[in-house]
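1. sequence? don't have it. structure:
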């Protein structure tokens with residue numbers, strides 16, 4: 001049905017609005033079709049190729065009901081599987097095994113899922129409606145805490161996967177934080193400043209009903225940076241008439257934000273890698289070749305810290321291709337990338353001769369057979385390293401994989417890495433916990449009406465990452481891996497809280 005064009009719009013503008021409407025809806029249909037096809041393919045592939053899969057009914061029979069309810073959410077089931085495999089010995093514990101199974105099942109269902117519509121108007125006067133969600137997964141340790149993601153692939157299944165991971169990540173920080181996640185299928189790419197501001201205002205108009213400093217504290221994620229947090233916080237202040245509250249984190253220091261929050265996830269991933277490399281391999285990052293995927297916030301600051309520590313960053317990427325620096329990225333290269341991605345909001349392909357690297361379209365760092373690396377930092381998105389990519393990394397001599405993104409390695413890729421126990425593998429629950437850790441510090445700063453210097457925050461971040469590494473090492477024991485230690489430490493803390501609260505017994 002042809003949309004009704006307001007009579008106040010001129011014919012030429014009306015035609016533009018109609019064309020924009022048609023193209024936008026074609027993109028939505030295409031994205032939905034691709035997502036559904038990808039979902040089906042992923043579920044079938046996991047079930048057929050991996051006998052350890054959570055979608056395989058012969059593995060973890062106590063999860064069969066979960067599989068039956070959510071076959072359309074394969075990434076969520078994948079996250080559950082990865083966690084279950086790591087803590088499997090706990091389920092066989094002669095004393096507490098039955099309790100651990102009950103606690104795990106309890107944690108696979110969100111305490112609350114909120115969905116709402118988000119109407120907004122584009123620059124041509126045409127109204128659009130997107131979907132918004134907030135998944136309040138677990139409040140056992142504290143208020144729900146987790147980011148907001150604006151991306152066309154977002155749906156309730158993706159947010160459940162992210163919220164489930166967030167429970168255990170937040171547990172590792174040592175701060176009183178529960179787990180949650182939210183977002184919208186809104187695509188910020190190609191939108192004007194005004195369109196993004198209007199969308200953020202509409203999104204917060206709905207979300208503000210459910211958040212509070214002691215209930216649910218969102219932050220940023222893919223598609224939601226300092227600009228978007230600022231617009232949403234501005235809307236919240238107008239609606240609630242509450243100022244200085246830690247109801248959102250990732251704010252500007254001008255109105256309650258904390259220093260180092262933009263850098264925290266990327267810096268924290270490198271700090272974590274430092275601990276593991278120095279402890280397990282008895283070497284330094286200096287002089288090593290490090291592959292970084294993505295070019296968003298996490299990738300930007302992971303690359304910056306690696307350069308500061310003397311490592312050679314040999315690549316960054318976006319969804320269109322990869323920028324390879326065979327001799328290592330320079331500080332000048334990094335500044336040009338920041339200018340393109342943060343200020344101009346351009347693609348890496350637009351950099352041309354402004355950087356020393358070579359742009360290779362239609363590739364990722366994990367599909368380049370000749371890219372020799374010592375350490376990999378996948379910082380783009382979920383499931384970016386598949387089984388083939390993991391094998392290629394092993395063949396090229398990788399010594400460690402540190403997840404800057406959430407679940408960036410597929411089930412098959414994880415199996416490859418687990419088959420090479422000499423390769424360090426630290427999942428995102430630990431490696432990228434620096435972001436939510438500093439968000440928790442921002443909440444404390446807001447609650448105490450204080451202001452902390454950058455140096456203090458950096459010292460606290462380093463101490464936090466060191467503490468997380470020690471938890472992983474302690475829980476891994478003599479025979480376990482750091483991945484297993486990470487997941488066990490995160491789960492046990494939440495499970496014990498559930499028991500003491502009387503929620504699981």
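-> Perfect, I can see it now. The structure displayed is predicted, hence computed values, not measured ones.

2. helices or strands up against the helix or strand hosting residue 66?
-> Using DSSP states H and E, residue 66 sits in helix 64-69. Contacts defined by 3 or more C-beta pairs under 8 Å, 6 or more residues apart in numbering; DSSP states H and E place helix 64-69 against helix 74-86. Backbone N, C-alpha and C define where each C-beta goes, glycine included.

3. chain center to the helix it packs on: distance?
-> 16 Å (C-alpha atoms, centre = their mean, to the nearest Å).

4. where do the helices sit along the stretch 301-450 of the chain?
-> Taking DSSP state H, counting those that start in this stretch, the helices of the stretch 301-450 of the chain run over residues 331-338, 387-395, 411-418, 428-431, 434-447.

5. State the mean pLDDT of the last one.
-> When the per-residue pLDDT values of helix 434-447 are averaged, the result is 96.

6. and if you look at the third one?
-> Along helix 411-418, the predicted confidence averages to a pLDDT of 95.

7. Okay, angle between that helix and helix 74-86 too, please.
-> Orientation note: helix 411-418 sits at an angle of 30 degrees relative to helix 74-86 (axes from the mean of the first three to the mean of the last three C-alpha atoms, to 10 degrees).

8. quick check: angle from helix 411-418 to helix 387-395?
-> Going by the same axes, to 10 degrees, helix 411-418 makes 20 degrees with helix 387-395.

9. which secondary structure elements does helix 411-418 contact?
-> Under the contact criterion of 3+ C-beta pairs under 8 Å, 6+ apart, helix 411-418 touches helix 11-49, helix 74-86, helix 387-395, strand 424-426.

10. Same question for the first one.
-> Judged by 3+ C-beta pairs under 8 Å, 6+ apart, helix 331-338 is in contact with helix 297-308.

11. Buried ones in the helix it packs on, by neighbour count?
-> Judged by neighbour count (16 or more other C-beta atoms under 10 Å), helix 297-308 contains these buried residues: 297-307.

12. Do you have the helices of the stretch 51-200 of the chain handy? List them.
-> Using DSSP H, counting those that start in this stretch, helices in the stretch 51-200 of the chain cover 64-69, 74-86, 88-91, 97-107, 156-172, 193-207.

13. Is residue 292 bridged to anything, and to what?
-> Judged by DSSP bridges, the bridge partners of residue 292 are residue 377.

14. Who are the contact partners of the closest residue to residue 414 other than its chain neighbours?
-> Nearest residue to residue 414, sequence neighbours excluded (C-beta to C-beta, 6 or more residues apart in numbering): residue 82, at 6.4 Å. Residues counted as contacts of residue 82 (C-beta atoms under 8 Å, 6 or more residues apart in numbering) are 407, 411, 414, 427, 487.

15. Return the closest of those residues with respect to residue 138.
-> Using C-beta to C-beta, residue 487 comes nearest to residue 138 of the contacts of residue 82, at 15.3 Å.

16. That closest one against residue 425, yeah?
-> No: between residue 487 and residue 425 there is no contact under C-beta atoms under 8 Å: 11.6 Å.

17. ok, the closest residue in space to residue 235 that isn't next to it in sequence - how many residues close by?
-> In space, and not counting its chain neighbours, residue 235 is closest to residue 204: 4.1 Å by C-beta to C-beta, 6+ apart. For residue 204, the count of nearby residues is 27 (other C-beta atoms under 10 Å).

18. Distance-wise, check residue 204 relative to residue 311.
-> 39 Å (C-beta to C-beta, to the nearest Å).

19. swap in residue 386?
-> Taking C-beta to C-beta, one finds residue 386 at 25 Å from residue 311.

20. Quick check on those two: which one has the bigger neighbour count.
-> Just comparing residue 386 and residue 311: by other C-beta under 10 Å the higher neighbour count belongs to residue 311, 25 against 18.

21. pretty sure the more buried one contacts residue 291?
-> No: the pair residue 311 / residue 291 is not scored as a contact, 10.6 Å apart, by C-beta under 8 Å.

22. anything in contact with each of these two?
-> Shared contacts of residue 311 and residue 291 (C-beta under 8 Å, 6+ apart): residue 375.

23. Tell me the one of the contacts of residue 82 nearest residue 394?
-> Distances from residue 394 to the contacts of residue 82, taken as C-beta to C-beta, are shortest for residue 414 (12.8 Å).

24. Let's check: the centremost residue of the protein is which one?
-> residue 406 (4.2 Å; C-alpha atoms, centre = their mean).

25. mind listing what the residue lying closest to it once chain neighbours are set aside touches?
-> Nearest non-adjacent residue to residue 406, counting by C-beta to C-beta, 6+ apart: residue 428, 4.9 Å away. By C-beta under 8 Å, 6+ apart, residue 428 lies in contact with 165, 169, 403-408.

26. With distance to residue 119 and pLDDT as extra columns, can I get the residues you listed in CSV?
-> Listed next are the contacts of residue 428 as CSV, based on distance: C-beta to C-beta, whole Å; pLDDT from 0 to 100:
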residue, distance to residue 119, pLDDT
165, 30, 96
169, 33, 97
403, 36, 98
404, 34, 97
405, 31, 95
406, 29, 93
407, 32, 92
408, 33, 96
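
27. between the residues you listed, which has the most around it?
-> For the contacts of residue 428, neighbours were counted using other C-beta under 10 Å, and residue 404 has the most, 31 neighbours in all.

28. Now do stretch 469-477: everything it contacts.
-> Against stretch 469-477 from outside (C-beta under 8 Å, 6+ apart): 172, 272, 275-276, 279, 426, 430, 482, 484-486, 488-489, 492.

29. if you set the cut-off to 6 Å instead, what comes out?
-> Residues from elsewhere that reach stretch 469-477 (C-beta atoms under 6 Å, 6 or more residues apart in numbering): 275, 430, 482, 484-486, 488-489.

30. So which of those residues belong to strands?
-> Counting by DSSP state E, no part of the contacts of stretch 469-477 is found in strands.

31. Same list, these, but as JSON lines with distance to residue 98, pLDDT and neighbour count please.
-> Shown next, in JSON lines, are the contacts of stretch 469-477 (distance: C-beta to C-beta, whole Å; pLDDT from 0 to 100; neighbours: other C-beta atoms under 10 Å):
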{"residue": "275", "distance to residue 98": "35", "pLDDT": "97", "neighbour count": "19"}
{"residue": "430", "distance to residue 98": "28", "pLDDT": "97", "neighbour count": "30"}
{"residue": "482", "distance to residue 98": "28", "pLDDT": "96", "neighbour count": "24"}
{"residue": "484", "distance to residue 98": "21", "pLDDT": "95", "neighbour count": "22"}
{"residue": "485", "distance to residue 98": "23", "pLDDT": "96", "neighbour count": "22"}
{"residue": "486", "distance to residue 98": "24", "pLDDT": "97", "neighbour count": "30"}
{"residue": "488", "distance to residue 98": "17", "pLDDT": "97", "neighbour count": "23"}
{"residue": "489", "distance to residue 98": "21", "pLDDT": "97", "neighbour count": "23"}
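
32. Closest to residue 183 out of these?
-> Using C-beta to C-beta, the contacts of stretch 469-477 come closest to residue 183 at residue 430, 23.0 Å.

33. ok, for the closest one, nearest residue in space, not its chain neighbours?
-> residue 486 (4.4 Å).

34. ditto for residue 255
-> Closest residue to residue 255 apart from its sequence neighbours, by C-beta to C-beta, 6+ apart: residue 233 at 6.9 Å.

35. Tell me how many other residues surround that neighbour.
-> If we define neighbours as other C-beta under 10 Å, then residue 233 has 23 of them.
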